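>>> model this:
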Amino acid sequence: MDLPQKRKRISYELTNSQTSSREAAPSSSTNGQAGGFVEGSILRITMRNFLTYDHSEVFPGPKLNMIVGANGTGKSSIVCAICLGLAGKTAVLGRGDKVGLYVKRGCSKGSVEIELYRASGNLIITREIQVENNQSTWMLNKKHTSQKAVEEAVKELHIQVGNLCQFLPQNVCKEKANFLEKARQRNERNKLDVERYYMKKRHLDRIQMLEKKKPWVEYETARKELEGVKKEREEMKKKLKSLKEAQEPLLRKIRSVESQLQPIEQQMKELTAGIRDATQKCKQKHDQLEYRNKEVDDIRQDLSLKQTEEADRQKRIGHTQLMIKDLQKELQNMGSMEDVTPQIEAVNAELRKIQEEKAKLEGEMSDLRRDKDEAFGELNRLQNRQRSLDDMMKVKEDKLRTRFRDTYTALKWLRDNRDRFEGNVYEPMMLVINVRDSRHAKYIESHIPLNDLRAFVFQRQEDMEKFMTEVRDTQRLRVNTVIAPEESCSRRPPSRPLETLKPYGFFSYLRELFDAPEEVMSYLCYQYKVNDVPVGTEKTKSMIEMVIRELQMRMIYTAEEKYTVKKSNYSSNVVSSNSALRPSQFLTMTVDADERRQLEEQLRAAQRQVQSIDQRMAAIREQQAKLDRRDNELRANKKKLSELKGKKRQLEQKISTKQDSLRQMEQNEINLQAIEEETNAKIAAVNNKKVAIMEEYLGHMQSMLSYLLLIKYSSSTDDSRTVRTCVCVFAQVVYTKLDQVKNNLLTTCKTLMRRASEICNMTPGETAVPEELHQAFSQLPDTLDEIDAMLNEEKTRAECFTGLSDAVVEEYNRREREIQNMEKELDDKTNALTTYRQNIAEAKERWHLNLKQLVDQINERFSDFFRSMQCAGEVDLHSENEEEYDKYGIRIRVKFRSSTQLHELTPHHQSGGERSVSTMLYLMSLQELNRCPFRVVDEINQGMDPVNERRVFDIVVRTACGVNTSQYFFITPKLLHYLKYAEQMTILCVHNGPYMLPPHKWSEKAFIRRAKRRQIP
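Predicted structure coming up:
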């Protein structure tokens, strides 16, 4: 798209592994308001040593900014720079929890600088990240400041990088339907944990005592070694002194000889300088001779080349003459040849017949390909659905791994060793139980204890014992196991038909709400009577007293509560208790077992159909191969006949061509005699120069020999200097080393003594072991090896007691006290709850109406966007219970096909592309309602089909480039062809590679000039 000439602003980005560049960039004093920027918009982003960038500057436009580039070039790095540069948290990005991880690998620090438009003067925020300590240094307008000050400045501009409606990074876009997931984990502590805590404390006390004794043993070992070194040092000191006294006369004689050698050494230096000069001149003459020899070799090489060229010419002339004779002889032999035209026509007729058969087979093959494509489409659809069901199972396994690490470890071992068991072994119940309706999961989880939900179910007792021996005794894992009853109870009927309970609001028994394997269901019916526990509705709750009185069932469920009924063995009085149902944590993911079985059957049928088509296609391909072979044979025969027909004409042309070539070669004769005479003359001239050089060379050699004669005898007494090295040097070295070892050991002893004193809390200057530690030390080993072995053993035992702390005992005792105080506090809390509900009702009236009006405005824009795409969508305020305000949420319902109904936007019902479209349009619906300086969306178009992507792109351009809209960053690795672009858009193209230009060499004008030159014919 050609932009008008009046637009001055150019924004783009180029990066490489070395540097990045830009040109025509506005300065920090850019007039943002004149350019259409709103308060808080981003004018500039500068990155140094940040993720993939060495140095890069980005200058976005005031409206919609399309950041385009291939995967891995650094588009999301720009998003990270915006988030971290504006004091955002790393958790928003999901790429790393430490800010130091965002510095380019191999660099010690990196920085991000962001310039924001502000009417009173632009705001420049600089963040420098240190890798070593994982800390950041902040600056506002080039002045050092704190992170809190930066957060306040950003907040004043209404920027919220933690708000997903404004800043939607890539990892969050992958989960478009769920912006927040709440997880609640509760730790089970009991009396056994307290006992394990005290066992661990005993091991830790012994470790502490071993660590106190260890430095004393180290100190004693070092002290004994120090005493031995001191003794050896004194002996070597005496020996060194006696050696020095014995060698004093010899040293005096050496000094006398050295004084006589000084004049001779000066003369030797002068002679050596003369020899060096003569040697240098000889080398120069030798090099000149070598050069002249090479010159002669080159001349002779030129002559050899000419001789070879002439010999090759003569050889080619002879070869060409022979070829002409052979061709003329072959031409004479072709005088009498029969006409091959009838044979060629017969071959053509058979070829036409083969082509007709091949066309027929190709038609059949085309039909089979179409059938195979349809079968593959169905097979892919079924496989995608199967993967979706597998993904649901993976979510369950992730929850198991997060909450019960030991159980998950045992699960992996079981899957690798199933062949070791004879009977059926089932994975933890929370994985194999499939609730038919996720709304009923809370009943199952409330009824089955958590310890059983994570338990493995066995059919045989010996299999369970074998499993526990491995995972509990060998691997030390804390897991639960149960064994199914020998006689199956899975189909045991309830005590009364369900029809008799429906008048009381009951709609099902627990067993009918979920599916499970035979043995698992048998265990649950036997142990927890799931076949005889009814589930009711609000109607049941409204008449609960009648239900308890008339039905006399031990346990029942209403819509939100669990009731337990007991009858006294003495007074026959009925006592009931109720408790609220907790939200489900593990069984919300539902997988329809019937659907899964049907899906597997359909997959097998689809695979059989594909195999059948493949067999038919293979048979047709075999027929086609036979026809192709016959076709090739006929064409080869036709070619041979055609060649015979035109061979005479070809022979005449070849003979004419060879005769022309022969005449050309005969004309290019080389005069070898003249060339040899010229070569001999050049060699003679060079030899004369070599004679002159040789004479000068011999003169320099005679000078060098005369110098050598003068210094022949000069090395008479040089060897005397080596007398200086004697036995005393060795003794001195040994003494020095011993003295150094003594000092090191002394320092070590002092350090070990100080460390031992500190560990044992001794007073300064005290060197003896305290009396209170003597008895404890006497029961411990006395050598370092034994102490280290015992330390490792105690630490290993202590590490076996995982998940324990001082809080275990404290909380155990605290709960005992809370139970005693709970009855007293119950009345006070009941009164406070009544007052609290009254206050909530008053507060609700103040904000609930305004909230609904706001949601209606969002719904109106959201519906308009979907109507423009010939689809339907709506947004409403949703809550299952109006009193649970923390569970209020926005419910999005969409419909992409006219034949379906509106469905809630979930990770499972819609495709990935449909969820992307819905999320994008919801964000656009907030554009005018939630005013902010800029918005960031990273790769939201991934997974969209081309039609929806084009529609969403048009809506984004139309909305983001309107009047009084905020800045928009749209990151994508690719765009469709022939999209409609707006004048107000800015395209930022991210390039990446090792050969990009540095910033100071980037010139857009130079690139334009070069492109124009290439277009000139």
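
>>> What residues sit buried inside stretch 72-85?
Neighbour counts over stretch 72-85 (16 or more other C-beta atoms under 10 Å) mark 73-85 as buried. The way it works is simple: take the backbone N, C-alpha and C, and place the C-beta from them, glycine included.

>>> Distance from the helix or strand hosting Tyr197 to the middle of the chain?
Assigned by DSSP states H and E, Tyr197 belongs to helix 191-246. When C-alpha coordinates are averaged (C-alpha atoms, centre = their mean, to the nearest Å), helix 191-246 and its chain have centres 48 Å apart.

>>> pLDDT of that helix, averaged?
Averaging pLDDT along helix 191-246 yields 72.

>>> Could you name the helices and strands sitting against it?
Where contact means 3 or more C-beta pairs under 8 Å, 6 or more residues apart in numbering; DSSP states H and E, helix 191-246 is packed against helix 727-759, helix 771-778, helix 784-799, helix 806-868.

>>> Now with 6 Å, please.
On a contact count with 3 or more C-beta pairs under 6 Å, 6 or more residues apart in numbering; DSSP states H and E, helix 191-246 meets helix 727-759, helix 784-799, helix 806-868.

>>> buried set for stretch 891-901?
Neighbour-count burial for stretch 891-901 [16+ other C-beta under 10 Å]: Ile892, Arg893, Val894, Lys895, Phe896.

>>> Likewise for stretch 965-983?
Within stretch 965-983, the residues scored as buried using 16+ other C-beta under 10 Å are Thr965, Ser966, Gln967, Tyr968, Phe969, Phe970, Ile971, Thr972, Pro973, Leu975.

>>> Tell me the secondary structure at the first one.
Reduced to three states with DSSP: H, G, I helix; E, B strand; the rest coil, the structure at Thr965 is coil.

>>> try the last one
When the structure is split into helix, strand and coil by three-state DSSP, Leu975 lands in coil.

>>> Show me what the nearest residue to it once chain neighbours are set aside bridges to in the sheet.
With C-beta to C-beta, 6 or more residues apart in numbering as the criterion, Leu975 has its nearest non-adjacent residue at 6.2 Å, and that residue is Val68. For Val68, the beta-bridge partners under DSSP bridges are Thr972, Cys989.

>>> Count the neighbours of Val68 for me.
If you count neighbours by other C-beta atoms under 10 Å, Val68 ends up with 16.

>>> what's the answer for Ser446, then?
Using other C-beta under 10 Å, Ser446 has 17 neighbouring residues.

>>> In helices only, show me the buried residues of stretch 891-901.
The members of those all map outside helices under DSSP state H.

>>> Tabulate these (JSON lines), appending distance to Val530 and pLDDT.
Putting the buried residues of stretch 891-901 into JSON lines (distance: C-beta to C-beta, whole Å; pLDDT from 0 to 100) gives the following:
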{"residue": "Ile892", "distance to Val530": "36", "pLDDT": "88"}
{"residue": "Arg893", "distance to Val530": "34", "pLDDT": "86"}
{"residue": "Val894", "distance to Val530": "37", "pLDDT": "86"}
{"residue": "Lys895", "distance to Val530": "38", "pLDDT": "84"}
{"residue": "Phe896", "distance to Val530": "39", "pLDDT": "80"}
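
>>> Wait, Leu877 touches Val855, no?
Yes - under the contact definition of C-beta atoms under 6 Å, Leu877 touches Val855, with a separation of 4.8 Å.

>>> For this protein, which helix or strand comes out least confident on mean pLDDT?
strand 20-21 (a mean of 34; mean pLDDT, DSSP states H and E).

>>> C-terminal to that strand, what's the next element?
Once strand 20-21 ends, the next helix or strand along the chain (criterion: DSSP H and E) is strand 42-50.

>>> May I see the buried residues of that following strand?
With burial defined by 16+ other C-beta under 10 Å, the residues of strand 42-50 counted as buried are Ile42, Leu43, Arg44, Ile45, Thr46, Met47, Arg48, Asn49, Phe50.

>>> Show me what the first one is bridged to.
Partner residues in beta bridges with Ile42: Leu116, with DSSP bridges as the criterion.

>>> so who does Thr564 touch?
Met555, Ser577 (C-beta atoms under 6 Å, 6 or more residues apart in numbering).

>>> How about the secondary structure of it?
strand.

>>> sorry, back to before: looking at the buried residues of stretch 965-983, which is nearest Tyr888?
Nearest to Tyr888 among the buried residues of stretch 965-983 is Ser966, at 26.8 Å by C-beta to C-beta.

>>> roughly how far apart are the closest one and Tyr117?
The spacing between Ser966 and Tyr117, counted by C-beta to C-beta, to the nearest Å, is 11 Å.

>>> And Gln857, by the same measure?
Counting by C-beta to C-beta, the gap from Gln857 to Tyr117 is 28 Å.

>>> With Asp205 instead?
With distances taken as C-beta to C-beta, Asp205 is found 64 Å from Tyr117.

>>> okay, those two: which has more neighbours?
Tyr117 (25 against 12).

>>> these two touch, right, that one and Val38?
No - using C-beta under 6 Å, Tyr117 is not in contact with Val38, being 7.3 Å away.

>>> can I assume Ser136 sits in a strand?
Yes - under three-state DSSP, Ser136 sits within a strand.

>>> Let's have the buried residues of stretch 72-85 in TSV, adding pLDDT.
Listed next are those as TSV, based on pLDDT from 0 to 100:
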residue	pLDDT
Thr73	77
Gly74	80
Lys75	81
Ser76	81
Ser77	85
Ile78	88
Val79	86
Cys80	88
Ala81	89
Ile82	89
Cys83	87
Leu84	87
Gly85	89
